[in-house]
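1. Below: sequence and its predicted model.
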Amino acid sequence: QTGSANTNPSDSADDEYITSVSIGTPAQVLPLDFDTGSSDLWVFSSETPKSSASGHVTYSPSKSSTAKKLSGSTWSIEYGDKSSSSGDVYTDVVTIGGFSVKTQAVESATKVSTQFVQDTVISGLVGLGFDIGNQVSPRPQKTWFSNAASSLAEPLFTADLRHQETGSYNFGFIDTSLAKGTIGYTPADGSEGYWGFTATGYSVGGAKLNRNSITGIADTGTTLLLLPDNIVDAYYNNVESAQYDDSQEGVVFDCDEDLPSFSFGVGGQTITISGDLLNLTPIEEGSSTCFGGLQSSSDIGINIFGDVALKAALVVFDLGNERLGWAQK
Ligand SMILES: NCc1ccc(-c2ccco2)nc1
């Protein structure tokens with residue numbers, strides 16, 4: 001068995017990617033953010049305060065004949081961007097891309113932080129990280145993918161995120177036609193709940209790859225490519241108008257400046273992110289100053305290969321072999 005779901009950028013800056021997920025009987029379809037950087041499936045629901053839920057599609061367990069309360073279970077989560085949510089837990093049927101998990105833990109939000117309240121295009125997250133990262137107490141629950149893995153043709157999924165285009169999450173199979181290059185594999189470390197890996201080096205503007213290894217995570221739920229200061233500086237030293245903008249909390253530059261590409265080595269392959277993909281968006285509607293897709297990871301303590309990097313590749317999240325595959329797109 002397999003599954004295949006389309007995913008779409010939420011806005012003109014590719015801030016996040018929205019995938020439709022069907023929950024309950026009859027189906028309640030919610031727009032969710034698939035996040036390989038976390039391990040909880042949570043949703044805005046009939047239990048979310050009305051003022052917070054305004055504008056969001058919500059899940060109502062009371063309207064699903066297959067919903068069951070997981071009595072005594074609660075959850076609470078805080079993300080790297082300081083957003084947070086918490087609540088209680090139901091089990092219900094959850095279908096993604098045509099593949100159904102009958103008894104999936106669906107974490108219902110009774111509290112959501114302002115960032116989520118304001119982001120009305122998503123109704124929650126689908127964690128695609130490792131089960132060890134699940135935040136349900138007293139008994140942690142499995143992710144949708146973990147529940148599905150043993151029934152899928154292969155225990156893996158792929159992410160094909162695109163700039164201002166429809167992409168896909170495929171479960172149980174690899175559509176190699178989505179990639180231009182060969183898929184290079186490297187070991188994945190799931191011990192922290194993330195899809196951790198080590199890139200073998202980097203280069204700016206098509207120069208030869210240096211051999212500085214970079215340990216980080218492949219995170220579909222983070223917009224940016226977040227790397228150490230020395231790499232960020234090496235890149236923006238090639239961007240004449242680049243400067244750090246305190247109010248934006250990041251490097252900005254003239255929108256009309258041509259940006260160099262950025263490459264990193266992984267699994268024996270070189271993944272090159274085009275300059276265009278590294279110019280994320282004007283800092284404000286109509287501004288001629290743009291915000292960089294590559295920013296510093298130095299104050300978060302972990303390197304994150306977020307959507308800016310993932311957009312350049314077909315990425316294979318191979319649970320069965322505990323490895324990550326990367327192919328140039
Ligand atoms: N990396 C996980 C994640 C995903 C989305 C969000 C978010 C906050 C407000 C809107 O969206 N926060 C964290």
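-> Thanks, I have the structure now.
2. Tell me the residues on the stretch 51-200 of the chain that lie near the ligand, please.
-> 79-81, 83, 115-116, 119, 125 (CB under 6 Å from any ligand atom). For the C-beta atoms, the positions are set from N, CA and C on the backbone; glycine is no exception.
3. Out of those, which sit inside strands?
-> Leu125 (DSSP state E).
4. where does the residue of the stretch 151-300 of the chain found nearest the ligand fall, helix, sheet strand or coil?
-> Distances between the stretch 151-300 of the chain and the ligand by CB to the nearest ligand atom are smallest at Gly221, namely 3.3 Å. Here Gly221 is recorded as coil under DSSP: H, G, I helix; E, B strand; the rest coil.
5. what's near enough to touch it?
-> By CB atoms under 8 Å, 6 or more residues apart in numbering, the contact list for Gly221 reads 16, 33-38, 79, 125, 306.
6. Likewise for Gly98?
-> 3-5.
7. With pLDDT and distance to Asn212 added, can I get those in CSV?
-> Shown next, in CSV, are the contacts of Gly98 (pLDDT from 0 to 100; distance: CB to CB, whole Å):
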residue, pLDDT, distance to Asn212
Gly3, 98, 37
Ser4, 99, 37
Ala5, 99, 36
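8. Find the nearest non-adjacent residue to the residue most central in space within the chain, please.
-> Ranked by distance to the mean C-alpha position of the chain (CA atoms, centre = their mean), the top residue is Thr220 at 1.7 Å. If the residues on either side of it in the chain are set aside, Thr220 comes closest to Thr36, at 4.6 Å by CB to CB, 6 or more residues apart in numbering.
9. Just the C-alphas of the helix or strand of the chain at the bottom of the mean pLDDT ranking, formatted as PDB.
-> Within the chain, no helix or strand scores below strand 279-282, which has a mean of 94 by mean pLDDT, DSSP states H and E. C-alpha atoms of strand 279-282 as PDB (Å, rounded to 0.1, in the frame of the first residue of the first chain):
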ATOM      1  CA  ASN A 279      15.700  35.400  -1.900                       C
ATOM      2  CA  LEU A 280      12.700  34.700   0.200                       C
ATOM      3  CA  THR A 281      10.500  37.800   0.000                       C
ATOM      4  CA  PRO A 282      10.300  41.600   0.400                       C
END
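10. circling back to that earlier point, out of the contacts of Gly221, which comes closest to the ligand?
-> For the contacts of Gly221, the nearest to the ligand is Tyr79 (3.5 Å; CB to the nearest ligand atom).
11. check contacts around the closest one.
-> Applying CB under 8 Å, 6+ apart, we find Tyr79 in contact with 37-38, 221.
12. Try it again at 10 Å.
-> If a contact means CB atoms under 10 Å, 6 or more residues apart in numbering, then Tyr79 has 35, 37-38, 85, 113, 115-116, 125, 221-222 as its contacts.
13. related to what we said a few turns ago, neighbouring strands for the least confident helix or strand of the chain, and are they parallel or not?
-> Note on strand 279-282: by DSSP bridges, its sheet partners are strand 289-292 (antiparallel).
14. Past the strand it pairs with, which element shows up next along the chain?
-> strand 294-296 (DSSP states H and E).
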